[in-house]
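Q: fold the stuff below for me.
(2 chains)
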Amino acid sequence: AQKITQTQPGMFVQEKEAVTLDCTYDTSDPSYGLFWYKQPSSGEMIFLIYQGSYDQQNATEGRYSLNFQKARKSANLVISASQLGDSAMYFCAMREGHQAGTALIFGKGTTLSVSS
Amino acid sequence: EAQVTQNPRYLITVTGKKLTVTCSQNMNHEYMSWYRQDPGLGLRQIYYSMNVEVTDKGDVPEGYKVSRKEKRNFPLILESPSPNQTSLYFCASGLGLGQFFGPGTRLTVL
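A: This next block holds a predicted model:
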């Protein structure tokens, strides 16, 4: 079974609209971290936001917020007021436990296209 | 400035010709790792290193070697590259929130 599932291969949104990118995860470890990365066409991986499994509040970073629903095992990324520069591939990732050496497990990504 | 550097950024080579992709970090991180990214598959870990002279396999280690002789460097070695190793490769340094990715190396094996 996939550990990280991103069901939307592509999303299209107009400037200034909000958009939600879906991510569900699967783990039996009570301690885990959830990450979102942005990959523009230039290829680099840009860290956006992090949510720890024990965090009580949803993480926010500027226009990015993470809608964390622990019981549903979902960690959706919400981008408010989309900008043209938000057009990119977005990856959800998880790290389980506190063990050193545990890899980030990535989803397959969602391509976001923002139009004017 | 904290950074992870990779070289080369782009490489086109032929089957069987040994190559090395270098990775260097300036943050004194103990943990470093290599990922490959393929369309529709996301990023998958190839190898990781928890410290100097300590390396271990990730999810897709076949066809790759690594070494960690110094803390700052973690080269990825393809002894006999094959076309199925055509991919975008990322070196990463640190763990969790402190993890930094390099800029990526786009490798094509003909």
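
Q: near chain A, which residues of chain B show up?
A: B:31, B:33, B:35, B:40-45, B:48, B:50, B:56, B:58-59, B:88, B:90, B:92, B:95-97, B:99, B:101, B:103-104, B:106 (CB under 8 Å from any CB of the partner chain). For the C-beta atoms, the positions are set from N, CA and C on the backbone; glycine is no exception.

Q: now do 7 Å
A: Proximity of chain B to chain A, by CB under 7 Å from any CB of the partner chain, involves residues B:31, B:33, B:40-43, B:45, B:48, B:50, B:56, B:58, B:88, B:90, B:95-97, B:101, B:103-104.

Q: what subset of those residues is buried?
A: The neighbour-count test (16 or more other CB atoms under 10 Å in any protein chain shown) marks B:31, B:33, B:42-43, B:45, B:48, B:50, B:58, B:88, B:90, B:95, B:101, B:103-104 as buried among the residues of chain B next to chain A.

Q: and the least confident of these?
A: On pLDDT alone, B:L95 ranks lowest of these, at 75.

Q: my guess is that residue meets B:S33, correct?
A: No: taking contacts as CB atoms under 7 Å, B:L95 lies outside contact range of B:S33: 9.0 Å.

Q: still on that earlier bit, let me have the buried ones among the residues of chain B next to chain A in CSV, adding secondary structure as columns.
A: Shown next, in CSV, are these (DSSP: H, G, I helix; E, B strand; the rest coil):
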residue, secondary structure
B:Y31, coil
B:S33, strand
B:G42, strand
B:L43, strand
B:Q45, strand
B:Y48, strand
B:M50, strand
B:G58, coil
B:L88, strand
B:F90, strand
B:L95, coil
B:F101, strand
B:P103, coil
B:G104, coil
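
Q: using the three-state scheme, assign the closest residue to B:M27 other than its chain neighbours.
A: Counting by CB to CB, 6 or more residues apart in numbering or on different chains, the nearest residue to B:M27 once its immediate chain neighbours are dropped is B:A2, at 5.0 Å. Recorded secondary structure, B:A2: coil (three-state DSSP).

Q: count the neighbours of B:A2 for me.
A: When neighbours are counted by other CB atoms under 10 Å in any protein chain shown, B:A2 registers 12.

Q: from chain A, how far out is it?
A: According to CB to the nearest CB, to the nearest Å, B:A2 stands 12 Å off from chain A.

Q: where do the strands sit along chain B?
A: B:4-7, B:10-13, B:19-25, B:32-38, B:42-51, B:54-57, B:65-66, B:76-78, B:87-93, B:100-101, B:105-109 (DSSP state E).

Q: show me which residues of chain A sit near chain B.
A: Of all the residues in chain A, those lying near chain B are A:33, A:43-45, A:50, A:91, A:95, A:100-101, A:103, A:106-109, going by CB under 7 Å from any CB.
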